[in-house]
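[1] How does the following fold in three dimensions:
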Amino acid sequence: MSVKDLLTGWSALEDALPDYLEAEQYAKGEVEEIFASAAVRDKLAETGDGYRFNLIRTAITARLDRCEIDMVKVPDNETATERLMEIWDANEMAIHYPGLLRDTFTFGDAYVQMWEIDPKGDVAGLKPELVDCGVEITCHNPKNARMMYDPTNQRREQYLIFRWCEKLAGQREIWRVDLYYADRVERWISTDSGALTEESGWVPYADDEQDWELPHEFGEIPWFHHRTALPYGVPVHKEGYGAQNAINKELITLLTTTDSQGHAQRYQLLEPDAVLDENNDDPQWVEDGDASAVSPGGMTKSGGVGSGQRTGPGTMQTFTGTKEVGQFEAADPAVFLDPVMMFIRLLAQLTNTPLHDFDPSGDVPSGESLKREEAPLVKSVEWLQVLQSSPLRDQWRFALKVVGVAVPRVEVRWAPVTSADGIDDWAVVTAKQANGVPVDQTLMEAGYVPEQVSSWLDANAEAATLAQRVALLGQIGTAVRDISSGVALGVLSEQSAGAAVELVLNQVNASGTGADPS
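    Prediction:
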(Lines give C-alpha, C1' and ligand atoms only; values in the text may rest on other atoms or scores of the structure.)
Protein backbone atom coordinates (compact mmCIF):
# COMPACT_ATOMS: atom_id res chain seq x y z
CA MET A 1 0.00 0.00 0.00
CA SER A 2 1.17 3.53 -0.82
CA VAL A 3 -0.32 5.62 1.97
CA LYS A 4 2.97 7.50 2.19
CA ASP A 5 2.56 8.50 -1.47
CA LEU A 6 -0.94 9.66 -0.61
CA LEU A 7 0.27 11.86 2.24
CA THR A 8 3.08 13.30 0.11
CA GLY A 9 0.69 14.08 -2.71
CA TRP A 10 -1.91 15.53 -0.32
CA SER A 11 0.67 17.89 1.20
CA ALA A 12 1.80 18.95 -2.27
CA LEU A 13 -1.81 19.73 -3.25
CA GLU A 14 -2.37 21.76 -0.10
CA ASP A 15 0.89 23.68 -0.55
CA ALA A 16 0.05 24.59 -4.15
CA LEU A 17 -3.63 25.42 -3.55
CA PRO A 18 -3.21 29.02 -2.23
CA ASP A 19 -1.31 30.06 -5.37
CA TYR A 20 -3.94 28.43 -7.60
CA LEU A 21 -6.77 30.17 -5.75
CA GLU A 22 -4.98 33.50 -5.97
CA ALA A 23 -4.46 33.08 -9.72
CA GLU A 24 -8.14 32.22 -10.14
CA GLN A 25 -9.24 35.27 -8.16
CA TYR A 26 -7.16 37.60 -10.31
CA ALA A 27 -8.38 35.94 -13.51
CA LYS A 28 -12.00 36.39 -12.42
CA GLY A 29 -11.50 39.93 -11.08
CA GLU A 30 -12.46 38.95 -7.54
CA VAL A 31 -9.48 40.44 -5.73
CA GLU A 32 -10.30 42.83 -2.90
CA GLU A 33 -8.95 46.35 -2.79
CA ILE A 34 -5.70 46.62 -0.85
CA PHE A 35 -5.29 49.33 1.81
CA ALA A 36 -2.01 50.52 3.28
CA SER A 37 -3.81 51.89 6.35
CA ALA A 38 -5.88 49.62 8.55
CA ALA A 39 -8.02 52.57 9.68
CA VAL A 40 -8.81 53.56 6.10
CA ARG A 41 -9.53 49.92 5.22
CA ASP A 42 -12.07 49.62 8.03
CA LYS A 43 -13.94 52.71 6.82
CA LEU A 44 -13.73 52.31 3.03
CA ALA A 45 -13.36 48.63 2.24
CA GLU A 46 -17.06 48.20 1.49
CA THR A 47 -17.16 51.05 -1.03
CA GLY A 48 -15.31 49.05 -3.69
CA ASP A 49 -17.32 45.85 -3.50
CA GLY A 50 -19.34 46.65 -6.62
CA TYR A 51 -16.41 47.70 -8.79
CA ARG A 52 -14.39 45.28 -10.93
CA PHE A 53 -11.58 46.31 -13.28
CA ASN A 54 -10.34 42.97 -14.56
CA LEU A 55 -7.69 44.18 -17.00
CA ILE A 56 -5.20 41.47 -16.06
CA ARG A 57 -7.50 38.91 -17.68
CA THR A 58 -6.29 40.28 -21.03
CA ALA A 59 -2.89 38.64 -20.46
CA ILE A 60 -4.70 35.28 -20.50
CA THR A 61 -7.13 35.91 -23.35
CA ALA A 62 -4.45 37.42 -25.60
CA ARG A 63 -2.62 34.09 -25.47
CA LEU A 64 -5.73 31.98 -25.79
CA ASP A 65 -6.75 33.86 -28.93
CA ARG A 66 -3.44 32.90 -30.54
CA CYS A 67 -3.31 29.28 -29.35
CA GLU A 68 -5.56 27.29 -31.62
CA ILE A 69 -4.92 23.64 -32.41
CA ASP A 70 -5.03 23.39 -36.18
CA MET A 71 -4.60 19.66 -36.61
CA VAL A 72 -3.67 16.43 -34.83
CA LYS A 73 -2.79 13.54 -37.09
CA VAL A 74 -0.69 10.43 -37.51
CA PRO A 75 1.89 11.11 -40.26
CA ASP A 76 1.53 8.89 -43.33
CA ASN A 77 -1.30 6.90 -41.76
CA GLU A 78 -4.76 8.01 -42.82
CA THR A 79 -6.48 5.06 -41.13
CA ALA A 80 -4.99 5.87 -37.73
CA THR A 81 -5.76 9.57 -38.25
CA GLU A 82 -9.39 8.76 -38.97
CA ARG A 83 -9.56 6.66 -35.80
CA LEU A 84 -8.02 9.53 -33.86
CA MET A 85 -10.61 11.94 -35.20
CA GLU A 86 -13.42 9.57 -34.19
CA ILE A 87 -12.17 9.73 -30.59
CA TRP A 88 -11.70 13.51 -30.89
CA ASP A 89 -15.24 14.10 -32.15
CA ALA A 90 -16.91 11.69 -29.71
CA ASN A 91 -15.23 13.46 -26.77
CA GLU A 92 -16.03 16.91 -28.23
CA MET A 93 -12.44 18.04 -27.82
CA ALA A 94 -13.04 21.10 -30.01
CA ILE A 95 -15.14 22.33 -27.06
CA HIS A 96 -13.01 21.07 -24.18
CA TYR A 97 -9.51 21.96 -25.36
CA PRO A 98 -10.06 25.76 -25.21
CA GLY A 99 -11.15 25.34 -21.59
CA LEU A 100 -8.13 23.16 -20.87
CA LEU A 101 -5.78 25.79 -22.31
CA ARG A 102 -7.58 28.52 -20.35
CA ASP A 103 -7.00 26.56 -17.13
CA THR A 104 -3.38 25.94 -18.10
CA PHE A 105 -2.69 29.63 -18.66
CA THR A 106 -4.73 30.73 -15.62
CA PHE A 107 -3.31 28.31 -13.06
CA GLY A 108 -0.06 27.36 -14.78
CA ASP A 109 -1.09 23.69 -14.72
CA ALA A 110 -3.98 21.55 -15.97
CA TYR A 111 -4.51 17.86 -16.62
CA VAL A 112 -6.11 15.49 -19.13
CA GLN A 113 -7.30 12.08 -17.98
CA MET A 114 -7.85 9.24 -20.45
CA TRP A 115 -9.51 5.93 -19.65
CA GLU A 116 -10.74 2.95 -21.60
CA ILE A 117 -14.52 2.52 -21.88
CA ASP A 118 -15.79 -1.00 -21.38
CA PRO A 119 -19.04 -1.25 -23.37
CA LYS A 120 -20.13 -4.06 -21.03
CA GLY A 121 -19.41 -2.05 -17.92
CA ASP A 122 -21.09 0.99 -16.38
CA VAL A 123 -21.81 3.29 -19.33
CA ALA A 124 -24.84 5.04 -17.83
CA GLY A 125 -24.97 8.68 -18.92
CA LEU A 126 -22.45 8.27 -21.75
CA LYS A 127 -23.41 9.08 -25.31
CA PRO A 128 -23.46 6.09 -27.69
CA GLU A 129 -20.76 7.60 -29.91
CA LEU A 130 -18.53 8.01 -26.85
CA VAL A 131 -19.01 4.37 -25.90
CA ASP A 132 -18.31 3.31 -29.48
CA CYS A 133 -15.04 5.24 -29.68
CA GLY A 134 -13.70 3.33 -26.66
CA VAL A 135 -11.92 6.19 -24.84
CA GLU A 136 -13.25 8.78 -22.39
CA ILE A 137 -11.28 12.02 -22.05
CA THR A 138 -11.72 14.36 -19.08
CA CYS A 139 -10.04 17.71 -18.40
CA HIS A 140 -9.22 18.82 -14.85
CA ASN A 141 -7.92 21.99 -13.22
CA PRO A 142 -4.99 21.55 -10.79
CA LYS A 143 -6.78 22.40 -7.53
CA ASN A 144 -7.48 18.73 -6.84
CA ALA A 145 -5.04 16.91 -9.14
CA ARG A 146 -1.25 16.87 -9.20
CA MET A 147 1.40 14.89 -11.02
CA MET A 148 4.21 13.84 -8.71
CA TYR A 149 7.71 13.61 -10.19
CA ASP A 150 10.85 11.82 -9.07
CA PRO A 151 12.75 14.44 -7.01
CA THR A 152 16.05 13.15 -8.41
CA ASN A 153 14.86 13.25 -12.04
CA GLN A 154 11.91 15.48 -12.80
CA ARG A 155 11.46 13.92 -16.22
CA ARG A 156 10.12 10.80 -14.54
CA GLU A 157 6.51 10.69 -13.44
CA GLN A 158 5.95 8.70 -10.24
CA TYR A 159 2.18 8.89 -9.80
CA LEU A 160 -0.77 11.25 -9.96
CA ILE A 161 -3.01 12.11 -7.02
CA PHE A 162 -6.64 13.03 -7.65
CA ARG A 163 -9.03 13.94 -4.84
CA TRP A 164 -12.65 14.94 -4.41
CA CYS A 165 -14.99 15.61 -1.50
CA GLU A 166 -18.28 13.78 -0.90
CA LYS A 167 -21.10 14.64 1.46
CA LEU A 168 -22.74 11.76 3.29
CA ALA A 169 -25.94 11.63 5.31
CA GLY A 170 -26.07 14.28 7.98
CA GLN A 171 -23.83 16.60 5.91
CA ARG A 172 -20.76 14.69 7.02
CA GLU A 173 -17.91 15.23 4.57
CA ILE A 174 -15.39 12.61 3.55
CA TRP A 175 -12.53 12.77 1.09
CA ARG A 176 -11.83 10.29 -1.66
CA VAL A 177 -8.41 9.95 -3.24
CA ASP A 178 -7.26 7.95 -6.27
CA LEU A 179 -3.56 7.36 -6.87
CA TYR A 180 -2.72 6.58 -10.50
CA TYR A 181 0.43 4.59 -11.25
CA ALA A 182 1.78 3.10 -14.47
CA ASP A 183 0.33 -0.31 -13.59
CA ARG A 184 -2.54 0.28 -11.16
CA VAL A 185 -4.95 2.66 -9.46
CA GLU A 186 -5.26 2.78 -5.68
CA ARG A 187 -8.47 4.02 -4.08
CA TRP A 188 -8.52 5.62 -0.63
CA ILE A 189 -11.10 7.19 1.68
CA SER A 190 -10.69 9.42 4.73
CA THR A 191 -11.68 8.23 8.18
CA ASP A 192 -13.53 9.94 11.00
CA SER A 193 -10.52 9.57 13.24
CA GLY A 194 -7.12 10.89 12.36
CA ALA A 195 -5.96 13.94 10.44
CA LEU A 196 -5.81 14.04 6.67
CA THR A 197 -2.05 14.54 6.92
CA GLU A 198 -1.55 11.37 8.96
CA GLU A 199 -1.70 7.67 8.07
CA SER A 200 -4.52 7.15 10.56
CA GLY A 201 -6.70 9.48 8.51
CA TRP A 202 -6.94 7.11 5.54
CA VAL A 203 -8.00 3.57 4.72
CA PRO A 204 -8.25 1.68 1.40
CA TYR A 205 -11.63 2.03 -0.26
CA ALA A 206 -13.46 -0.94 -1.81
CA ASP A 207 -17.09 -1.48 -2.74
CA ASP A 208 -19.26 -4.29 -4.06
CA GLU A 209 -18.15 -3.70 -7.65
CA GLN A 210 -14.43 -2.96 -7.38
CA ASP A 211 -11.52 -3.72 -5.12
CA TRP A 212 -9.46 -0.92 -3.60
CA GLU A 213 -6.62 -1.64 -6.06
CA LEU A 214 -7.37 -1.70 -9.79
CA PRO A 215 -4.57 -3.06 -11.99
CA HIS A 216 -4.30 -1.90 -15.60
CA GLU A 217 -2.07 -2.72 -18.56
CA PHE A 218 -1.48 0.74 -20.00
CA GLY A 219 2.17 0.75 -18.95
CA GLU A 220 2.00 4.48 -18.20
CA ILE A 221 0.02 6.90 -16.05
CA PRO A 222 -3.22 7.70 -17.92
CA TRP A 223 -2.99 11.41 -17.02
CA PHE A 224 -1.19 14.10 -18.99
CA HIS A 225 0.21 17.30 -17.54
CA HIS A 226 -0.24 20.61 -19.37
CA ARG A 227 1.89 23.41 -17.95
CA THR A 228 3.48 26.76 -18.68
CA ALA A 229 6.87 25.92 -17.14
CA LEU A 230 8.82 22.91 -15.85
CA PRO A 231 8.22 20.97 -13.68
CA TYR A 232 5.13 22.94 -12.62
CA GLY A 233 3.67 25.93 -14.36
CA VAL A 234 3.24 29.59 -13.45
CA PRO A 235 0.10 31.64 -14.23
CA VAL A 236 0.76 33.74 -17.33
CA HIS A 237 -0.65 36.82 -15.56
CA LYS A 238 1.19 36.41 -12.25
CA GLU A 239 3.75 39.16 -12.85
CA GLY A 240 0.89 41.63 -13.27
CA TYR A 241 -0.76 41.13 -9.87
CA GLY A 242 0.80 44.27 -8.39
CA ALA A 243 -0.13 46.47 -11.34
CA GLN A 244 -3.73 45.17 -11.24
CA ASN A 245 -3.91 46.00 -7.53
CA ALA A 246 -2.74 49.54 -8.26
CA ILE A 247 -5.30 49.95 -11.06
CA ASN A 248 -8.07 48.75 -8.75
CA LYS A 249 -6.95 51.17 -6.06
CA GLU A 250 -6.88 54.22 -8.32
CA LEU A 251 -10.18 53.55 -10.10
CA ILE A 252 -12.14 52.55 -6.99
CA THR A 253 -10.92 55.68 -5.20
CA LEU A 254 -11.91 57.75 -8.22
CA LEU A 255 -15.40 56.30 -8.23
CA THR A 256 -15.86 56.84 -4.50
CA THR A 257 -15.36 60.57 -5.12
CA THR A 258 -17.99 60.65 -7.89
CA ASP A 259 -20.74 61.69 -5.50
CA SER A 260 -18.69 64.71 -4.53
CA GLN A 261 -18.31 65.64 -8.21
CA GLY A 262 -22.06 65.97 -8.67
CA HIS A 263 -23.04 66.98 -5.15
CA ALA A 264 -20.48 69.30 -3.64
CA GLN A 265 -20.01 69.68 0.09
CA ARG A 266 -20.63 73.33 0.98
CA TYR A 267 -19.71 75.44 3.97
CA GLN A 268 -20.36 78.79 5.66
CA LEU A 269 -17.61 80.68 7.47
CA LEU A 270 -18.23 82.46 10.77
CA GLU A 271 -17.61 86.02 11.78
CA PRO A 272 -14.61 86.20 14.08
CA ASP A 273 -16.76 87.53 16.94
CA ALA A 274 -19.62 85.07 16.44
CA VAL A 275 -20.57 82.96 19.45
CA LEU A 276 -21.51 79.40 18.65
CA ASP A 277 -24.36 77.73 20.44
CA GLU A 278 -24.90 74.20 19.29
CA ASN A 279 -28.65 74.71 19.75
CA ASN A 280 -28.55 77.23 16.91
CA ASP A 281 -26.99 74.83 14.42
CA ASP A 282 -29.20 73.97 11.52
CA PRO A 283 -27.94 70.60 10.22
CA GLN A 284 -29.17 69.41 6.84
CA TRP A 285 -30.51 65.99 5.82
CA VAL A 286 -31.35 64.80 9.31
CA GLU A 287 -33.10 61.63 8.14
CA ASP A 288 -31.79 58.33 9.42
CA GLY A 289 -30.68 57.39 5.90
CA ASP A 290 -28.01 60.12 6.10
CA ALA A 291 -26.56 58.85 9.35
CA SER A 292 -23.38 57.80 7.53
CA ALA A 293 -22.51 61.48 7.11
CA VAL A 294 -22.18 61.97 10.86
CA SER A 295 -18.78 61.62 12.44
CA PRO A 296 -18.17 58.35 14.36
CA GLY A 297 -18.78 60.09 17.67
CA GLY A 298 -22.11 61.48 16.47
CA MET A 299 -20.88 65.10 16.73
CA THR A 300 -18.39 67.24 14.85
CA LYS A 301 -16.32 69.88 16.52
CA SER A 302 -16.05 73.48 15.36
CA GLY A 303 -14.06 75.88 17.42
CA GLY A 304 -14.11 73.46 20.35
CA VAL A 305 -17.90 73.44 20.52
CA GLY A 306 -19.93 70.29 20.01
CA SER A 307 -21.98 70.31 16.81
CA GLY A 308 -24.54 68.15 15.04
CA GLN A 309 -23.23 69.16 11.62
CA ARG A 310 -22.98 66.48 8.95
CA THR A 311 -20.24 66.10 6.38
CA GLY A 312 -20.17 64.39 3.02
CA PRO A 313 -21.38 64.87 -0.57
CA GLY A 314 -24.47 67.06 -0.86
CA THR A 315 -24.30 68.46 2.69
CA MET A 316 -24.46 72.08 3.76
CA GLN A 317 -22.92 73.16 7.03
CA THR A 318 -24.93 76.08 8.40
CA PHE A 319 -23.72 78.22 11.28
CA THR A 320 -24.92 81.33 13.08
CA GLY A 321 -23.04 84.50 12.21
CA THR A 322 -22.18 83.66 8.62
CA LYS A 323 -19.82 85.97 6.77
CA GLU A 324 -19.40 83.97 3.50
CA VAL A 325 -20.26 80.67 1.82
CA GLY A 326 -18.33 78.28 -0.42
CA GLN A 327 -17.84 74.64 -1.31
CA PHE A 328 -15.11 72.04 -1.10
CA GLU A 329 -13.88 71.06 -4.55
CA ALA A 330 -13.86 67.35 -5.36
CA ALA A 331 -10.66 65.65 -6.42
CA ASP A 332 -9.59 66.16 -10.05
CA PRO A 333 -10.17 62.88 -11.99
CA ALA A 334 -6.81 63.32 -13.70
CA VAL A 335 -5.16 62.76 -10.32
CA PHE A 336 -6.36 59.14 -10.60
CA LEU A 337 -6.54 58.57 -14.36
CA ASP A 338 -2.97 59.59 -15.13
CA PRO A 339 -1.48 57.01 -12.72
CA VAL A 340 -3.94 54.42 -14.04
CA MET A 341 -2.51 54.79 -17.55
CA MET A 342 0.99 54.36 -16.14
CA PHE A 343 -0.06 51.20 -14.31
CA ILE A 344 -1.71 49.83 -17.47
CA ARG A 345 1.56 50.33 -19.33
CA LEU A 346 3.36 48.53 -16.51
CA LEU A 347 0.80 45.72 -16.65
CA ALA A 348 1.43 45.32 -20.38
CA GLN A 349 5.18 45.25 -19.91
CA LEU A 350 5.14 42.87 -16.94
CA THR A 351 2.92 40.33 -18.71
CA ASN A 352 4.55 40.67 -22.17
CA THR A 353 1.22 41.69 -23.66
CA PRO A 354 0.88 44.48 -26.25
CA LEU A 355 -0.45 47.72 -24.81
CA HIS A 356 -3.11 48.01 -27.51
CA ASP A 357 -4.66 44.76 -26.27
CA PHE A 358 -5.51 46.56 -23.03
CA ASP A 359 -6.84 49.61 -24.85
CA PRO A 360 -8.36 48.50 -28.18
CA SER A 361 -9.99 51.90 -28.65
CA GLY A 362 -6.61 53.56 -28.96
CA ASP A 363 -4.27 53.82 -31.91
CA VAL A 364 -3.04 50.39 -32.95
CA PRO A 365 0.42 50.41 -34.52
CA SER A 366 0.95 48.89 -37.94
CA GLY A 367 3.72 47.45 -40.04
CA GLU A 368 7.07 47.04 -38.34
CA SER A 369 5.90 48.96 -35.26
CA LEU A 370 3.15 46.40 -34.71
CA LYS A 371 5.60 43.51 -35.15
CA ARG A 372 8.01 45.00 -32.61
CA GLU A 373 5.24 45.60 -30.08
CA GLU A 374 3.79 42.12 -30.47
CA ALA A 375 7.14 40.31 -30.62
CA PRO A 376 7.27 39.48 -26.86
CA LEU A 377 3.72 38.09 -26.96
CA VAL A 378 4.41 36.09 -30.13
CA LYS A 379 7.53 34.59 -28.58
CA SER A 380 5.61 33.76 -25.40
CA VAL A 381 2.79 32.08 -27.33
CA GLU A 382 5.21 30.06 -29.46
CA TRP A 383 6.89 28.78 -26.31
CA LEU A 384 3.51 27.91 -24.78
CA GLN A 385 2.66 25.96 -27.92
CA VAL A 386 5.90 23.99 -27.60
CA LEU A 387 5.04 23.14 -24.00
CA GLN A 388 1.49 22.04 -24.88
CA SER A 389 2.53 20.01 -27.92
CA SER A 390 4.34 17.41 -25.83
CA PRO A 391 1.36 16.30 -23.68
CA LEU A 392 -0.92 16.55 -26.72
CA ARG A 393 1.25 14.12 -28.69
CA ASP A 394 1.50 11.78 -25.71
CA GLN A 395 -2.21 11.71 -24.94
CA TRP A 396 -3.29 11.00 -28.51
CA ARG A 397 -0.67 8.30 -28.96
CA PHE A 398 -2.02 6.85 -25.70
CA ALA A 399 -5.65 7.13 -26.86
CA LEU A 400 -4.84 5.15 -30.00
CA LYS A 401 -2.97 2.56 -27.96
CA VAL A 402 -6.05 2.09 -25.76
CA VAL A 403 -8.12 1.16 -28.82
CA GLY A 404 -5.43 -1.14 -30.19
CA VAL A 405 -3.78 1.17 -32.72
CA ALA A 406 -0.04 1.41 -32.13
CA VAL A 407 1.67 4.37 -33.81
CA PRO A 408 5.25 5.60 -33.44
CA ARG A 409 4.27 9.24 -33.12
CA VAL A 410 1.50 11.79 -33.48
CA GLU A 411 1.90 15.19 -35.09
CA VAL A 412 0.36 18.32 -33.57
CA ARG A 413 0.13 21.52 -35.55
CA TRP A 414 -1.02 24.91 -34.33
CA ALA A 415 -2.68 27.70 -36.27
CA PRO A 416 -0.11 30.43 -37.06
CA VAL A 417 0.44 32.91 -34.24
CA THR A 418 0.56 35.81 -36.70
CA SER A 419 -0.67 36.36 -40.24
CA ALA A 420 -0.20 38.97 -42.94
CA ASP A 421 -3.33 41.11 -42.86
CA GLY A 422 -2.08 44.62 -43.60
CA ILE A 423 -0.79 46.50 -46.62
CA ASP A 424 2.70 46.69 -45.16
CA ASP A 425 2.73 42.92 -44.52
CA TRP A 426 1.82 42.11 -48.10
CA ALA A 427 4.34 44.62 -49.42
CA VAL A 428 7.02 42.60 -47.63
CA VAL A 429 5.64 39.34 -49.11
CA THR A 430 5.68 40.85 -52.61
CA ALA A 431 9.22 42.15 -52.16
CA LYS A 432 10.45 38.73 -51.04
CA GLN A 433 8.87 37.03 -54.04
CA ALA A 434 10.32 39.64 -56.38
CA ASN A 435 13.77 38.89 -54.99
CA GLY A 436 13.50 35.16 -55.59
CA VAL A 437 12.05 33.75 -52.35
CA PRO A 438 9.75 30.84 -53.31
CA VAL A 439 6.05 31.64 -53.29
CA ASP A 440 5.17 28.80 -50.90
CA GLN A 441 7.80 29.97 -48.40
CA THR A 442 6.55 33.55 -48.40
CA LEU A 443 2.93 32.42 -47.93
CA MET A 444 3.83 30.18 -45.00
CA GLU A 445 5.79 33.03 -43.45
CA ALA A 446 2.67 35.16 -43.92
CA GLY A 447 0.74 32.80 -41.64
CA TYR A 448 -0.84 30.20 -43.92
CA VAL A 449 -0.59 26.50 -43.18
CA PRO A 450 1.37 24.25 -45.59
CA GLU A 451 -1.68 22.27 -46.81
CA GLN A 452 -3.53 25.46 -47.63
CA VAL A 453 -0.54 26.87 -49.51
CA SER A 454 -0.07 23.61 -51.45
CA SER A 455 -3.70 23.49 -52.51
CA TRP A 456 -3.54 27.07 -53.74
CA LEU A 457 -0.35 26.50 -55.69
CA ASP A 458 -1.60 23.22 -57.17
CA ALA A 459 -4.89 24.79 -58.25
CA ASN A 460 -3.13 27.76 -59.79
CA ALA A 461 -0.06 25.99 -61.13
CA GLU A 462 -1.17 25.93 -64.77
CA ALA A 463 -2.39 29.52 -64.70
CA ALA A 464 0.81 30.64 -63.00
CA THR A 465 2.93 28.77 -65.60
CA LEU A 466 1.04 30.35 -68.49
CA ALA A 467 1.39 33.81 -66.99
CA GLN A 468 5.11 33.24 -66.47
CA ARG A 469 5.50 32.10 -70.08
CA VAL A 470 3.72 35.15 -71.44
CA ALA A 471 5.80 37.45 -69.26
CA LEU A 472 8.99 35.68 -70.28
CA LEU A 473 8.19 35.89 -74.00
CA GLY A 474 7.55 39.59 -73.57
CA GLN A 475 10.92 40.03 -71.92
CA ILE A 476 12.62 38.00 -74.66
CA GLY A 477 10.93 40.12 -77.33
CA THR A 478 12.13 43.32 -75.67
CA ALA A 479 15.66 41.93 -75.42
CA VAL A 480 15.71 40.89 -79.11
CA ARG A 481 14.52 44.36 -80.14
CA ASP A 482 17.27 45.98 -78.09
CA ILE A 483 19.86 43.61 -79.58
CA SER A 484 18.67 44.49 -83.09
CA SER A 485 19.14 48.14 -82.27
CA GLY A 486 22.68 47.41 -81.16
CA VAL A 487 23.40 45.65 -84.46
CA ALA A 488 21.98 48.58 -86.44
CA LEU A 489 24.21 51.01 -84.54
CA GLY A 490 27.26 48.86 -85.24
CA VAL A 491 28.07 48.16 -81.58
CA LEU A 492 27.21 44.46 -81.94
CA SER A 493 27.88 42.09 -84.85
CA GLU A 494 25.08 40.01 -86.32
CA GLN A 495 26.96 36.79 -85.53
CA SER A 496 27.35 37.76 -81.83
CA ALA A 497 23.72 38.85 -81.58
CA GLY A 498 22.45 35.62 -83.15
CA ALA A 499 24.59 33.48 -80.87
CA ALA A 500 23.34 35.35 -77.77
CA VAL A 501 19.66 34.97 -78.73
CA GLU A 502 20.06 31.27 -79.56
CA LEU A 503 21.82 30.63 -76.22
CA VAL A 504 19.06 32.32 -74.22
CA LEU A 505 16.27 30.47 -76.07
CA ASN A 506 17.96 27.12 -75.61
CA GLN A 507 18.27 27.72 -71.85
CA VAL A 508 14.63 28.84 -71.61
CA ASN A 509 13.45 25.73 -73.45
CA ALA A 510 15.58 23.49 -71.23
CA SER A 511 14.00 25.07 -68.11
CA GLY A 512 10.57 23.72 -69.14
CA THR A 513 8.76 26.89 -70.15
CA GLY A 514 7.87 25.41 -73.51
CA ALA A 515 9.42 28.24 -75.55
CA ASP A 516 10.44 27.20 -79.06
CA PRO A 517 14.10 27.99 -79.72
CA SER A 518 13.38 28.30 -83.43
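
[2] what about the nearest residue to Lys432 once chain neighbours are set aside, distance to Gln433?
    Leaving aside its chain neighbours, Lys432 sits nearest to Thr442 (4.8 Å; criterion: C-beta to C-beta, 6 or more residues apart in numbering). For the C-beta atoms, the positions are set from N, CA and C on the backbone; glycine is no exception. Thr442 is 5 Å from Gln433, where distance means C-beta to C-beta, to the nearest Å.

[3] Over to Ala80?
    Distance from Ala80 to Gln433, by C-beta to C-beta: 37 Å.

[4] Between the two, tell me which one has more neighbours.
    Ala80 (19 against 14; other C-beta atoms under 10 Å).

[5] buried stuff in stretch 380-395?
    Residues of stretch 380-395 classed as buried: 380-381, 384-385, 387-389, 391-395 (neighbour count, 16 or more other C-beta atoms under 10 Å).

[6] List the contacts of it.
    63, 66-67, 69, 72, 101, 104-105, 112, 114, 137, 224-229, 236, 352, 409-412, 414, 417 (C-beta atoms under 8 Å, 6 or more residues apart in numbering).

[7] Just give the strands next to the lengthiest strand in the chain in its sheet, each with its orientation.
    Across the chain, the strand with the greatest residue count (assigned by DSSP state E) is strand 153-167. Strand 153-167 has the following sheet partners, assigned by DSSP bridges: strand 145-150 (antiparallel), strand 173-180 (antiparallel).

[8] Next, format those as TSV and append mean pLDDT and mean neighbour count.
    TSV is the format used below for those (pLDDT from 0 to 100; neighbours: other C-beta atoms under 10 Å):
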stretch	mean pLDDT	mean neighbour count
strand 145-150	98	19
strand 173-180	95	18
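
[9] Out of these, flag the one nearest Pro119.
    strand 173-180 (22.6 Å; C-beta to C-beta).

[10] which parts of the helix or strand just after the closest one are buried?
    The first helix or strand that comes after strand 173-180 along the chain, using DSSP states H and E, is strand 184-190. Buried residues in strand 184-190, counted by 16+ other C-beta under 10 Å: 185-190.

[11] which helices and strands sit right next to strand 184-190?
    In terms of contacts (3 or more C-beta pairs under 8 Å, 6 or more residues apart in numbering; DSSP states H and E), strand 184-190 is packed against helix 3-28, strand 173-180, strand 202-204, strand 213-215.

[12] okay, those in CSV with distance to Pro142 next?
    As requested, these are exported to CSV (distance: least, C-beta to C-beta, whole Å):
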stretch, distance to Pro142
helix 3-28, 6
strand 173-180, 15
strand 202-204, 21
strand 213-215, 23
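
[13] Which of the contacts of stretch 380-395 fall within helices?
    Among the contacts of stretch 380-395, the members falling in helices are 63, 101, 104-105 (criterion: DSSP state H).

[14] Just list the residues touching Asn91, thanks.
    Per C-beta under 8 Å, 6+ apart, neighbours of Asn91: 130, 133, 135-137.

[15] cool, and Lys371?
    Counting by C-beta under 8 Å, 6+ apart, Lys371 has contacts Thr418.

[16] any idea which helix or strand carries it?
    Taking DSSP H and E as the definition, Lys371 sits inside helix 367-402.

[17] Out of the strands paired with strand 153-167, which gets nearest to Leu254?
    It's strand 145-150; of those, that one is closest to Leu254 (C-beta to C-beta) at 41.4 Å.

[18] what about Thr442, how many residues close to it?
    For Thr442, using other C-beta under 10 Å, the count is 19.

[19] Kindly list the single helix or strand of this protein that scores lowest on mean pLDDT.
    Using mean pLDDT, DSSP states H and E, the weakest-scoring helix or strand in the chain turns out to be strand 300-302, at a mean of 45.

[20] so how far is Ala479 from Ala500?
    Relative to Ala479, and taking C-beta to C-beta, Ala500 is found at 9 Å.

[21] swap in Arg187?
    From Arg187 to Ala479 the distance is 83 Å (C-beta to C-beta).

[22] and what of Gly240?
    From Gly240 over to Ala479 (counting by C-beta to C-beta), the distance is 62 Å.

[23] Kindly report the same for Trp88.
    57 Å.

[24] just Asn435 next, same as before
    21 Å.

[25] out of these two, which sits in the busier spot?
    Ala479 (13 against 7).

[26] doesn't that one fall inside a strand?
    No - according to DSSP: H, G, I helix; E, B strand; the rest coil, the state of Ala479 is helix, so it is not within a strand.

[27] the domain parsing of the protein - what is it?
    Domain assignment of the chain by automatic domain parsing yields the ranges 265-330, 460-510.
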